[in-house]
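Novice: I would like the atomic coordinates for the input below:
(2 chains)
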2 protein chains.
Amino acid sequence: MRTSKFLPLFVIVIGWFAICAHAQTASSRKTARANEAEVRQVLERWAKAFRARDLDGIMSVYAPGDAVIGYDLAPPLQYRGNAAYRKDYADFLAQYNGPIDFESRDVRIVAGEDVAFYHALERMRGTLKSGEKSDMWIRATSCLKKIHGRWLIVHDHLSVPADFETGKAAMDLKP
Amino acid sequence: MRTSKFLPLFVIVIGWFAICAHAQTASSRKTARANEAEVRQVLERWAKAFRARDLDGIMSVYAPGDAVIGYDLAPPLQYRGNAAYRKDYADFLAQYNGPIDFESRDVRIVAGEDVAFYHALERMRGTLKSGEKSDMWIRATSCLKKIHGRWLIVHDHLSVPADFETGKAAMDLKP
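Specialist: Predicted coordinates:
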């Protein structure tokens, strides 16, 4: 029978598809782990630069141009674009003398193929230019995109809760 | 020549791979658009339920169990798990009489294969149980995961900025 000649080839082709499908699943799982590790590295680079008050190092993990939208601790409601957010960081860092101590808790990183997010409680401690010590726990959320193969932050949201009874910002909360 | 018999089959197999590769690229672009549309629908469902103060409707867009971590407007620093966040929502909604007016501005939705995020400035207006009118612009970030084929929110971050000069929560900012 003529078709019997093709049978081994059909088996090979079907086997090939099965191998490809399995490899794709395994590779997507591997990619997810690799992406999470890459995002973690980006955030570790940020933390290192932040502790050292290294503005260029900090900004190297943010997307260029208009992609960055930052909701920061202090007003205004939002910063639009890399340049505006850089200026905000510069103003913040200028308030401190020496390095800023940074630690994080309850960290979660979720990374897909090209979209990821991070959130954590973060403690920032340092000495202000006035000599006053500053020590505060905040909530931090960062959203990232893989742009031309590089994970970059396109959105930050940093805050302390608002006490609606007193109208005050709750700057002395501890996790 | 024996191999020439297989040539048409080889051409078909290679052609098949080419078609698959092309279809995959086109489908991943289509999937990205479809995912963004699905995430938008989730947030529209949330907004509709929120306006109607429909707690079950609100919670239907959140992941079950421990997956939800909420950073809300008021203390504490975080709510852990769906049940705790549901109680927080219930307490919030109980402060209002009648529907809550909701609008959003500067909305951005970024959706990958199975991870997505949303952020926007949101205005909430309503009448409190005390009779007092409440009208406030806040910053909102939501992070979503596609879980068993459904987009669900696993993280919220809601806040107003903190005025470090006065120590007050900046509840009267406008975009």
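
Novice: Could you pull out the helices in chain A for me?
Specialist: With helices called from DSSP state H, chain A shows them at A:3-51, A:55-59, A:82-93.

Novice: check whether the last one contacts chain B.
Specialist: No - interface with chain B: helix A:82-93 contributes nothing (CB under 8 Å from any CB of the partner chain), its closest point being 10.1 Å away. Bear in mind the C-beta positions are built from the backbone N, C-alpha and C, glycine included.

Novice: mind showing which ranges of chain A have poor pLDDT?
Specialist: Applying pLDDT under 70 to chain A flags residues A:1-6, A:9-15, A:17-29.

Novice: how far away is the residue nearest the centre of it from chain B?
Specialist: Central residue of chain A (CA atoms, centre = their mean): A:Ser142, 4.3 Å from the mean position. Per CB to the nearest CB, to the nearest Å, A:Ser142 is found 9 Å from chain B.

Novice: okay but A:Leu158 is in contact with A:Ala140, surely?
Specialist: Yes - assessed by CB atoms under 8 Å, A:Leu158 is found in contact with A:Ala140 at 5.3 Å.

Novice: For A:Leu77, which residues are in contact?
Specialist: If you count contacts by CB atoms under 8 Å, 6 or more residues apart in numbering or on different chains, A:Leu77 has them with A:71, B:121, B:137, B:139, B:161, B:173, B:175.

Novice: how about 6 Å then?
Specialist: B:121, B:139, B:173, B:175 (CB atoms under 6 Å, 6 or more residues apart in numbering or on different chains).

Novice: do A:Tyr62 as well
Specialist: A:68, A:82, A:153.

Novice: Among those, which one lies nearest to A:Leu43?
Specialist: A:Ile153 (8.7 Å; CB to CB).

Novice: which of the contacts of A:Leu77 tops the neighbour count?
Specialist: Ranked by neighbour count (other CB atoms under 10 Å in any protein chain shown), the contacts of A:Leu77 have B:Arg139 at the top, with 26 neighbours.

Novice: isn't it right up against A:Ile69?
Specialist: No - applying CB atoms under 6 Å as the test, B:Arg139 and A:Ile69 come out as separate, 9.6 Å apart.
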